[in-house]
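Undergrad: structure, please.
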Amino acid sequence: MEEEKPQSPTVPSEVENVNLQQMEEALRQAGVPQTQLKKYIKGVNKLRQLEKQYGKPFQVLFREYEKRFRDSVKLEYSINELLEKRRRIEEDLRVYMEQQRLTLETVNRVNNIIRALEKHGINVDHLENLAKVAAKVSETGTDFKQVFETFAKLEEAENKLKETQASIEEKEKRLVEVEAELQRKISKLREISGVEPEIEKLSETLGKLRAEVELLEKREEELRQRNSELAKEYEALLGFKTDAASLLKIIEEKRSELNRLDEELARVRETLQTLEEEVASARSLLLLLQNPELVKKEDLEILSRQLANLSNIKAGQMPELKTLEPSLLENVRKRVVELVMPVIRSELVPHWVFEKLEKEFKEVAAKKAQLEEENERLRNELNQLRGAKPQTTLQT
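TA: The predicted structure is shown next:
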C-alpha cells in the first residue's frame, strides 16, 4: 500500500507575513546579520517548496536521500570490483593469446622447415644420414674444414663481385644523369641557336647502350657456366649428389642472381627501345620542320608513341624510366619551342648566350668522358676479379 502523503496545514498569507516579520524582528534584536537572515529565509522557502513538490516532510526526504546515497556508494563499489575483474580477465586473455601466438609461430616455422626440406626431396630422418656421409668423407682423407673454407672463400669472392657490380651500377647511373644533363644543355643550345639536334651522337649513345646490353648478356652466360662448374666441384669435394640443403641454398642464390640479371637486362632493353623511339621521333620532327611534304604516316606514329610513352611514365606504368621523365618532358617542350624559335633567335637573343651555352656543353662532355673512363676501369677490375676467382678455387 502506498504511504499516505501528509497534508501540511494551509496558513493564510497574512499570518505568514506576520510570522516572518516577527521572526525577522526577533533575529535583528538577537544580533543576527541581515544577510544571514536572508540565507535562513531562502533555506526555509526551499524546504517548503520541496515538501510541497514531493508531498513529504523534510525528515522523510532526508532519510530517502541518505538511503539512495548509501545505495549509490555500494553500486559504485560493485562497479569498481567488476571493472577490476574485467581488467584481470583481459590481462589473462592477452597473456594467453600471446602464448598461443608464439606457439603457432613455432609450429609454423617447424612446418615451413619440413616443407622446404620435402620440397627439395630431403626427409627429416635423412639428417642423420647426412652426418654419416660427413663422417665417411672425413674417413676418405678429405678435410671437411677445408671444404667449408672453400665455401667461405667462394662467398667472399661473390661479395666482392656484388660490391664491384654495385659500384658499376652506381657509375652507370651517374653516367645516365650526365647524359640527361648533356641532353638538356643540347636542347637549350638548340632552342637559342636553332642548330639541328645531333642525331649522330644519340646514335652513338644507343650503340653504347647496345654494347652494355651485350656485355650483361655475356656476363649472365658466364655466371651460368660458373654455377655449373661450381656445382660439379662441390659434388667432387663432398662425394655425394648436390641435393644437400647447403648446396641447394647456394644454387638458389645463384638462380636469384641470374633472375636479377634477367630483370636488369629487360629494363635496359626497354630503356634502349624508348631511346630508339626518341631518336626516331627526333628524325621525324626534323623532317616535319624542314620538309613537311615528305612526312609519312610512320613518322607521325613515332611522334604519337613518344607522347604515349611520356603519358605512361607520368601514370607510373613505366617506373624504370622515371629517371628519364625530366629529359623527355624537356624534349617535348623543346620541340614545341622549335616552331617559334626562328623569330626569337633573329630578334631577341644576344650573341654571348651562345658562347655561354657552348662552354657548358663542353664541360658536360668532359665530365661524361671522365665517368666513362672510370666505368671502364671498374669493368677491368671486375674482369680481373673473375679471372682470379677460378684460380682461388683450384688452389683450395
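
Undergrad: by contact count, what packs against the helix or strand harbouring residue 182?
TA: Element membership for residue 182 (DSSP states H and E) is helix 144-193. Under the contact definition 3 or more CB pairs under 8 Å, 6 or more residues apart in numbering; DSSP states H and E, helix 144-193 sits against helix 126-139, helix 199-238, helix 325-337, helix 341-347, helix 351-395. Backbone N, C-alpha and C define where each C-beta goes, glycine included.

Undergrad: weakest of these in terms of mean pLDDT?
TA: Note on the helices and strands packed on helix 144-193: helix 341-347 shows the lowest mean pLDDT, a mean of 50.

Undergrad: where does residue 31 sit: helix, strand or coil?
TA: coil (DSSP: H, G, I helix; E, B strand; the rest coil).

Undergrad: and the pLDDT at it?
TA: Looking at residue 31, its pLDDT reads 73.

Undergrad: also residue 170?
TA: The per-residue pLDDT reported for residue 170 equals 82.

Undergrad: ok, it - how many residues close by?
TA: Neighbours of residue 170 under the rule other CB atoms under 10 Å: 12.

Undergrad: what does residue 84 give?
TA: Residues lying near residue 84 (other CB under 10 Å) number 10.

Undergrad: state the distance from it to residue 73.
TA: Distance of residue 84 to residue 73, computed by CB to CB, to the nearest Å: 17 Å.

Undergrad: just residue 377 next, same as before
TA: Distance from residue 377 to residue 73, counting by CB to CB: 87 Å.

Undergrad: same check, this time on residue 101
TA: Separation of residue 101 from residue 73 (CB to CB) stands at 42 Å.

Undergrad: before we move on, what about residue 86?
TA: Remark: distance between residue 86 and residue 73 (CB to CB) = 20 Å.

Undergrad: same question, residue 310
TA: Distance from residue 310 to residue 73, by CB to CB: 76 Å.

Undergrad: those two: which has the busier surroundings?
TA: residue 310 (19 against 10).

Undergrad: next one: phi and psi at the more buried one?
TA: When quoted as degrees, to the nearest 10, the phi and psi of residue 310 stand at phi -60, psi -40.

Undergrad: how about residue 40?
TA: phi -60, psi -40.

Undergrad: kindly report the same for the one 5 residues further on.
TA: With angles defined as degrees, to the nearest 10, residue 45 shows backbone torsions of phi -60, psi -40.

Undergrad: that one: neighbouring residues, count only.
TA: Residue 45 has 10 nearby residues by other CB under 10 Å.

Undergrad: give the contact list for it.
TA: By CB atoms under 8 Å, 6 or more residues apart in numbering, the contact list for residue 45 is empty.

Undergrad: so for residue 84, what's the pLDDT?
TA: At residue 84, pLDDT is 90.

Undergrad: and the helix or strand harbouring it, what other elements does it pack with?
TA: Residue 84 belongs to helix 58-119 when assigned by DSSP H and E. Applying 3+ CB pairs under 8 Å, 6+ apart, one finds that helix 58-119 contacts helix 34-54.

Undergrad: averaged pLDDT, the helix it packs on. What do you get?
TA: Averaging pLDDT along helix 34-54 gives 77.

Undergrad: buried residues in it?
TA: Within helix 34-54, the residues that count as buried by 16 or more other CB atoms under 10 Å are residue 51.

Undergrad: now do it against helix 58-119, angle only.
TA: 70 degrees (axes from the mean of the first three to the mean of the last three CA atoms, to 10 degrees).

Undergrad: then helix 34-54 to CSV, C-alphas only?
TA: Output of helix 34-54 as CSV, limited to C-alpha atoms (Å, rounded to 0.1, in the frame of the first residue of the first chain):
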residue,chain,number,x,y,z
GLN,A,34,20.6,40.7,7.7
THR,A,35,22.5,38.7,5.0
GLN,A,36,22.5,35.6,7.2
LEU,A,37,18.8,36.2,7.9
LYS,A,38,18.1,36.2,4.2
LYS,A,39,20.0,32.9,3.8
TYR,A,40,17.9,31.4,6.5
ILE,A,41,14.7,32.6,4.9
LYS,A,42,15.8,31.3,1.5
GLY,A,43,16.6,27.9,3.0
VAL,A,44,13.2,27.8,4.7
ASN,A,45,11.4,28.7,1.5
LYS,A,46,13.4,26.0,-0.4
LEU,A,47,12.5,23.3,2.2
ARG,A,48,8.9,24.5,2.0
GLN,A,49,8.9,24.1,-1.8
LEU,A,50,10.5,20.6,-1.6
GLU,A,51,7.8,19.5,0.8
LYS,A,52,5.1,20.8,-1.5
GLN,A,53,6.7,19.3,-4.6
TYR,A,54,7.1,15.7,-3.2
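
Undergrad: no further queries at this time; thank you.
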